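The following comprises the amino acid sequence and a computationally predicted model.
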Amino acid sequence: MKKLAFSMLVGLAILSGCQPPKETQAEVSILIDITGSNGHSEIDITTNDVLEIFNLNKNPFNYGKFRISTLTETHLAKIDQAKLRPVKSMSEYNQYSRESEIKKFQKTVDDLLTEYKNLENGKQASSIFIPLSKELRKLSRSNAQRKVLIVYTDLFENSSFYSSYSDNDFSQNPAKLTKILMQNAPLSNDLDGVEIFIIYNPVLGTDSQFLAISKWYKKLLEKRNAEVFIGANLILD
């Protein structure tokens, strides 16, 4: 069925004047918290999830970028990336070459997910907001039709300018938290079209704190037109 759909797309492209079928550009970014309070057991994203976002099974002409990085004690971390190029015209199109490109992209994504899921965690501090804000600025500037950020974290900031652990009253004074974090890493004012998934499975000792700070994040991001989903596991529509 997939090959039939593929052939139909190609046939339609030829009939419509040698232009590729209407394609979708996607950009997917994953941030994985490897600090002590956040474990790896809940990192449930799979390569199939990523391919589903790109919707390559229905349209092999889709293209875009995949990025993955960590949240650590510093605001800078290594970023790994995989790209799937667009097909610019049917004159350069070759079915088998495109299938090879998609398989290569799939393998790179699979290898990166495996590598990052097996990273050693336990970093003592956690810089969350600065790298998250930086990634959201990248997505806000992207021309992709689908922009997705998936963050595996408890959201507990423990950086040089703010600590969720020492300031336990942030739920009563969210304006203070907003002022401090925005001074250090201003968010884009327009996150329209950006889907943000925050994944964390709290335990009894962290449930109330995570509820308060995740509500703060949701309000802050939705105010800028982002779609925000918070859950214990990843569910993509």
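Noted; the coordinates are in hand.

residues contacting the closest residue to Asp110 other than its chain neighbours?
Nearest residue to Asp110, sequence neighbours excluded (CB to CB, 6 or more residues apart in numbering): Thr47, at 4.3 Å. Bear in mind the C-beta positions are built from the backbone N, C-alpha and C, glycine included. For Thr47, the contact set (CB atoms under 8 Å, 6 or more residues apart in numbering) comprises 106, 109-110, 113.

So which of these wins on neighbours?
Val109 (25 neighbours; other CB atoms under 10 Å).

wait, is it part of a helix?
Yes: assessed by DSSP: H, G, I helix; E, B strand; the rest coil, Val109 belongs to a helix.

quick one: contacts for it?
47, 50-51, 66, 82.

any idea whether Ile68 is helix, strand or coil?
Put simply, Ile68 is strand when judged by three-state DSSP.

Can you name the residues bridging to the residue lying closest to it once chain neighbours are set aside?
Setting aside the residues directly before and after it, Ile68 is nearest to Ile30 in space (CB to CB, 6+ apart), at 4.5 Å. Beta-bridge partners recorded for Ile30 (DSSP bridges): Ile68, Ile150.

count of neighbours near Ile30?
Ile30, neighbours per other CB under 10 Å, totals 25.

go on, Tyr165?
12.

Spatially nearest residue to it (excluding sequence neighbours)?
Asn158 (5.9 Å).

Next: Leu139.
Lys147 (4.5 Å).

which residues touch the one you found?
Lys147 neighbours (CB under 8 Å, 6+ apart): 26-27, 139, 193-195.

what does Asn189 give?
Arg224.

if I've got this straight, it is in a strand?
No: secondary structure of Asn189 (three-state DSSP): coil, not part of a strand.

do you know how far it is from Asp33?
According to CB to CB, to the nearest Å, Asn189 and Asp33 sit 26 Å apart.

Does Thr70 touch Glu120 like I think?
No: between Thr70 and Glu120 there is no contact under CB atoms under 8 Å: 10.6 Å.

if we can go back for a sec, quick one: which of the contacts of Lys147 is most hemmed in?
The most crowded member of those is Val194, carrying 25 neighbours; neighbours defined as other CB under 10 Å.

and that residue, bridged to which residues?
Lys147.

Roughly how far does it sit from Ser142?
Val194 is 9 Å from Ser142, by CB to CB.

Going by distance to His75, which of the contacts of Lys147 wins?
Leu139 (17.5 Å; CB to CB).

quick one: contacts for the closest one?
Here Leu139 is in contact with 27, 29, 147, 149, 191, 194 (CB under 8 Å, 6+ apart).

Can you lay out the residues you listed as TSV showing distance to Asn57?
TSV is the format used below for the contacts of Leu139 (distance: CB to CB, whole Å):
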residue	distance to Asn57
Glu27	19
Ser29	21
Lys147	20
Leu149	23
Leu191	28
Val194	24
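
Tell me, how many residues neighbour Ser100?
Applying other CB under 10 Å, I find that Ser100 has 11 neighbouring residues.

where exactly do the strands run in the chain?
For the chain, the strands defined by DSSP state E cover 25-33, 63-71, 79-84, 146-152, 194-199, 227-231.

ok, the residue most central in space within the chain to Ala232 distance?
With distances taken as CA atoms, centre = their mean, Leu149 lies nearest the centre of the chain, 2.4 Å away. Using CB to CB, Leu149 is found at 18 Å from Ala232.

Brilliant, that's me finished.
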